[in-house]
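Engineer: What would the 3D arrangement of this be:
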Amino acid sequence: MEFNHYYTNHEIKNLLDGWVISYPDLVSISSIGDSYEKRPIWLLTLTNQATGPDSEKPAVWIDANIHATEISGTTISLHIIQTLLQGYGVDSRITRLMDNDVYYVVPRVNPDGAELAMAESPRFIRSGVRPYPWPEKDEGLHEQDIDQDGRILLMRVLDPNGDWKISDLDPRLMVKRFPTDYGGQYYRLLPEGMLRDFDGYVIKLARPVEGLDFNRNFPFEWRTEVAQEGAGPFPASEPETRALIDFISCHPNINLAVTYHTFSRVILRPYSTKSDDEIENDDLWVMKKIGTIGSELIGYRCVNTFQDFKYSPKEITTGGFDDWLFDHLGVFTYTIELWDMPTEAGIKDRKFIEWFREHPQEDDLQILEWADKHGGPDAFVNWYPFEHPQLGKVELGGWNSMYTWRNPPVHLLGAEAARNTPFALALGDMLPHLDIHTLEVTPLGNGDYHVNLVVENTGFLPTHTSEQGKKRKAVRPVRAQIDLPEGVVIFSGKRVVELGHLAGRSNKLAVHVMFNVSPTDNRSRTEWVLHTEDDALVKIHVSSERAGSIHRDIQLKTKQE
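Structural biologist: Numbering: from 1, shown residues only. Alright, predicted model coming up:
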């Protein structure tokens, strides 16, 4: 795979098929559903199939491109897939991950929206293409590539009452008109597009016909359109979101999840609706620890969405994918907002959302100077005259936002992918894992046998993943089952035994020995007394929905050699 362009839906399918052909024992492809326009939503299952089925291994979930224009997440997910496949048998860590774990990867959740965003004459919508909340176009300005150059830019319109003016630092930049400014040359800035039912005087910004936001359509604290724009008519109303919910709900082996968005170079963690104070302490410590590891690996800050990434101080967003996964299923989930041009340009320690409301024009100049040197020839388009069929003389220009703000310029795409892959690998290192600590068979005489079984979790996370998962009863306890052939009876013990949930190392995070001791709460024991008159093969199965399964055979011999 080359990282020299953004991949279309057709190219992605060819790439995935090629990997399945080249690595048939390590990867399989399936569709988890169809989009509104009947495009398949492809999922790759990555694991060494020779070491067991994916359903019996702990899993990491990865998805990308739920929002139409956020296509760079697709590239990151493809980079992760390639790294796992090419590293198997070469890199000992990747080999271990593929032998013992499974990665479920959906490179493009929203093929319809991406198709529009990447078209020769593109359209930028939030998520899906289904008309919502009603099918009719509103009057007003609708975004459109009016000069058919493959870009949607800005329109600069002279207006003495405009709220923008040309910067003194660089004539290409537009800055806000100061409240006391009078007597100068002022402009209105509008999205490139055409007006519906224009009366020649009043310019309204029309509501997009495609008003859905898939990341407001999940069941967690879902609200109607009146309270949450883009939420859809009911939770999981859209085939794309329903496909994710159905698959994940039927795969309880998923412990950790990453969903790739753009932009801001930040790792977001739940909740979007409440502060850290309302999260169970044990879960909060683990959530922060994993986030810190992510920050160290990829250089992004990790923050609580509610506290540090609200679009408005008094507004919350509901129906989010990450909140649903954590709150309903107890899966630690991170939304990674990839790429950030201001950060790339050297602007440090900015507040993610507040910066867009107010910042010095020196920041804009710094970003523009960076783009001149590193953004490619099409990053910023110098203003050029255009005769608009409705507005008359305007100028088109400004940022080519699709490949500067929303996604990295294509020549920087590979570096952004390489930066993010290590965190995805690290998540695999943290999964819970069942193992047999002790399995002893002791003959008692007269055809009786004592079977002693000690099971342990060797992973970082517990077998219930999180306290939230336990509270929601989203995960069954570890179970041990003994299968007996005909003629073997149980004198003591039960055929199926619940061993409870097994801790990992995640509940032992304190670094000072005074505040951290290490009980063997990662182990559980059970025993049986069996009787048989003849030699017999007994099968023992230990299973955890989140930590995998183990199968062992024991031979009972009535005649000792």
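Engineer: count of neighbours near Y88?
Structural biologist: Neighbours of Y88 under the rule other C-beta atoms under 10 Å: 20. Where you see a C-beta, it was placed from the backbone N, CA and C, and this is true even at glycine.
Engineer: Next, find the distance separating it from D99.
Structural biologist: Distance, Y88 to D99, using C-beta to C-beta, to the nearest Å: 9 Å.
Engineer: Give the intersection of the neighbour lists for these two.
Structural biologist: Shared contacts of Y88 and D99, defined by C-beta atoms under 8 Å, 6 or more residues apart in numbering, are found at N48.
Engineer: Next up, the contacts around the residue lying farthest from the centre of the chain.
Structural biologist: Farthest-out residue of the chain from its mean C-alpha position, per C-alpha atoms, centre = their mean: N446, at 58.6 Å. For N446, the contacting residues are H531, by C-beta under 8 Å, 6+ apart.
Engineer: Report the backbone C-alpha coordinates of stretch 258-269 in CSV.
Structural biologist: In CSV, the C-alpha atoms belonging to stretch 258-269 read as follows (Å, rounded to 0.1, in the frame of the first residue of the first chain):
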residue,chain,number,x,y,z
VAL,A,258,-10.5,3.5,18.8
THR,A,259,-12.6,5.6,16.4
TYR,A,260,-10.7,7.9,14.1
HIS,A,261,-12.0,11.4,13.3
THR,A,262,-10.5,14.7,12.3
PHE,A,263,-9.2,17.2,13.4
SER,A,264,-7.3,18.7,16.4
ARG,A,265,-4.6,16.1,17.3
VAL,A,266,-6.3,15.1,20.5
ILE,A,267,-7.4,11.9,22.1
LEU,A,268,-10.9,12.2,23.5
ARG,A,269,-12.4,9.9,26.1
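Engineer: distance between that stretch and the chain's centre?
Structural biologist: Chain-centre distance of stretch 258-269: 8 Å, with C-alpha atoms, centre = their mean, to the nearest Å.
Engineer: Report the rounded mean pLDDT for that stretch.
Structural biologist: Mean pLDDT, stretch 258-269: 97.
Engineer: contacting residues around the residue nearest to the spatial centre of the chain?
Structural biologist: Centroid-nearest residue in the chain: T259, 0.7 Å away (criterion: C-alpha atoms, centre = their mean). By C-beta under 8 Å, 6+ apart, the residues touching T259 are I62, D63, A64, I66, G73, F321, D322, T333, Y334, T335, I336.
Engineer: Name the SS class of it, please.
Structural biologist: Classification of T259 using DSSP: H, G, I helix; E, B strand; the rest coil returns strand.
Engineer: What about the contacts of T259, which are in helices?
Structural biologist: Using DSSP state H, the subset of those located in helices is G73, F321, D322.
Engineer: The lowest-mean-pLDDT helix or strand in the chain: how far from the chain's middle?
Structural biologist: Within the chain, judged by mean pLDDT, DSSP states H and E, the helix or strand with the poorest mean is helix 354-357; its value is a mean of 91. Here helix 354-357 is found 25 Å from its chain centre; the criterion is C-alpha atoms, centre = their mean.
Engineer: what comes up buried for it?
Structural biologist: For helix 354-357, the buried set under the neighbour-count rule, 16 or more other C-beta atoms under 10 Å, is empty.
Engineer: Now do the helices in the protein.
Structural biologist: Under DSSP H, the chain gives helices at 9-22, 72-87, 92-100, 111-117, 239-249, 281-298, 305-308, 321-329, 341-344, 354-357, 361-374, 413-429, 467-471.
Engineer: So for N507, which of those sits nearest?
Structural biologist: Comparison of the helices of the chain against N507 by C-beta to C-beta identifies helix 281-298 as nearest, at 6.1 Å.
Engineer: same for that closest one, what does it pack against?
Structural biologist: Applying 3 or more C-beta pairs under 8 Å, 6 or more residues apart in numbering; DSSP states H and E, one finds that helix 281-298 makes contact with strand 266-269, strand 301-304, strand 332-338, helix 413-429, helix 467-471.
Engineer: For the ones you listed, give me TSV that also has mean neighbour count.
Structural biologist: Converted to TSV, the helices and strands packed on helix 281-298 look like this (neighbours: other C-beta atoms under 10 Å):
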stretch	mean neighbour count
strand 266-269	24
strand 301-304	19
strand 332-338	24
helix 413-429	20
helix 467-471	20
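Engineer: Which of these sits closest to D34?
Structural biologist: D34 lies closest to strand 332-338 among the helices and strands packed on helix 281-298, at 24.4 Å (C-beta to C-beta).
Engineer: tell me the mean pLDDT for that closest one?
Structural biologist: Confidence for strand 332-338, expressed as mean pLDDT, is 99.
Engineer: Pull the distance from it to the chain's centre.
Structural biologist: How far strand 332-338 lies from its chain's middle: 5 Å, per C-alpha atoms, centre = their mean.
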